[in-house]
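Asks: 3D model of this:
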Amino acid sequence: MPIDRRVEAGDSPVGGECLISVDIEASGPSPSTGSLIALGACLVADPESAFYRELRPLPERPWLAAAERIHGLTAARLAEQGTEPAAAMAAFADWLADVADGARPIFVGFNAPFDWMFVADYFHRFLGHNPFGVSALDLKSLFMGRDGVTAWSETRRDLVIARHPIRRAATHNALDDAQAQAELAQRLLEHSP
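Replies: Predicted structure coming up:
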């Protein structure tokens with residue numbers, strides 16, 4: 001059964017829900033110790049309907065070489081070519097409003113707390129509000145509940161994908177990873193335990 005991007009308006013007091021897969025890359029482990037430097041998002045129901053921005057690092061935040069080795073983005077290139085954070089978050093909010101089309105956008109992530117904290121921080125810091133609100137759908141937690149997994153250590157991406165294979169690979173490009181997450185979300189939401 002395919003997943004509709006919106007539930008029927010009568011199912012939700014806010015006019016429906018729109019699942020948005022979000023992935024970020026950062027220069028550190030938290031918003032106070034690093035910058036949000038890449039933001040990728042797509043509709044769970046249509047991963048080709050997507051948003052991507054690379055952001056200028058915040059000059060007062062640290063830059064971890066270990067993080068750079070993972071995502072491959074450099075501080076120098078982003079400082080020169082990245083989008084100003086306020087402009088990136090405004091564009092993301094506009095994209096969300098457009099694709100949600102009156103429905104409530106629901107943040108979906110694999111280890112959602114990490115990605116959500118950066119997105120929430122940047123939305124509040126630069127726009128004064130977070131269109132996603134205070135919650136997110138975490139695919140690791142969904143996997144635990146749907147598949148009866150009782151140990152957090154069993155929610156590693158490779159173990160989840162072994163049970164629920166997807167075509168797309170995670171590359172540490174925020175858009176690639178958001179699209180892979182969307183495919184995984186489709187599998188997990190369609191799965192009958």
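Asks: for the strand or helix carrying Leu159, packing partners?
Replies: Here Leu159, judged by DSSP states H and E, is contained in helix 157-163. If contacts are counted by 3 or more C-beta pairs under 8 Å, 6 or more residues apart in numbering; DSSP states H and E, helix 157-163 sits against helix 139-147. Yep, even glycine has a C-beta here, placed from its N, CA and C like the rest.
Asks: other SSEs contacting the helix it packs on?
Replies: By 3+ C-beta pairs under 8 Å, 6+ apart, helix 139-147 packs against helix 157-163, helix 174-190.
Asks: and Asn173, how far is that from Ala103?
Replies: Separation of Asn173 from Ala103 (C-beta to C-beta, to the nearest Å): 27 Å.
Asks: hey, what's the most centrally placed residue in the chain bridged with?
Replies: Nearest to the geometric centre of the chain sits Val22, at 1.5 Å (C-alpha atoms, centre = their mean). Taking DSSP bridges as the rule, Val22 bridges to Ala41.
Asks: how about the contacts made by it?
Replies: Leu39, Gly40, Ala41, Phe107, Val108, Gly109, Asp115, Trp116, Val119, Ala178, Gln181 (C-beta atoms under 8 Å, 6 or more residues apart in numbering).
Asks: pLDDT of stretch 48-58, averaged?
Replies: In this model, stretch 48-58 has an average pLDDT of 97.
Asks: may I have it as PDB, with CA atoms only?
Replies: The C-alpha coordinates for stretch 48-58 follow below in PDB (Å, rounded to 0.1, in the frame of the first residue of the first chain):
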ATOM      1  CA  GLU A  48      12.400  13.500  -5.800                       C
ATOM      2  CA  SER A  49      10.500  16.400  -4.400                       C
ATOM      3  CA  ALA A  50      13.500  17.800  -2.500                       C
ATOM      4  CA  PHE A  51      15.300  20.700  -0.900                       C
ATOM      5  CA  TYR A  52      19.100  21.100  -0.500                       C
ATOM      6  CA  ARG A  53      21.300  23.900   0.800                       C
ATOM      7  CA  GLU A  54      24.900  24.200   1.900                       C
ATOM      8  CA  LEU A  55      25.300  26.900   4.600                       C
ATOM      9  CA  ARG A  56      28.000  29.200   5.700                       C
ATOM     10  CA  PRO A  57      29.400  28.100   9.000                       C
ATOM     11  CA  LEU A  58      28.900  30.400  12.000                       C
END
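Asks: list the buried ones in the helix or strand of the chain with the lowest mean pLDDT?
Replies: Least confident helix or strand, the chain: helix 65-71 with a mean of 84, by mean pLDDT, DSSP states H and E. Within helix 65-71, the residues scored as buried using 16 or more other C-beta atoms under 10 Å are Ala67, His71.
Asks: by contact count, what packs against that helix?
Replies: Applying 3+ C-beta pairs under 8 Å, 6+ apart, we find helix 65-71 packed against strand 17-26.
Asks: chain center to the strand it packs on: distance?
Replies: Distance, stretch centre to chain centre, for strand 17-26: 2 Å (C-alpha atoms, centre = their mean, to the nearest Å).
Asks: alright, I will stop here.
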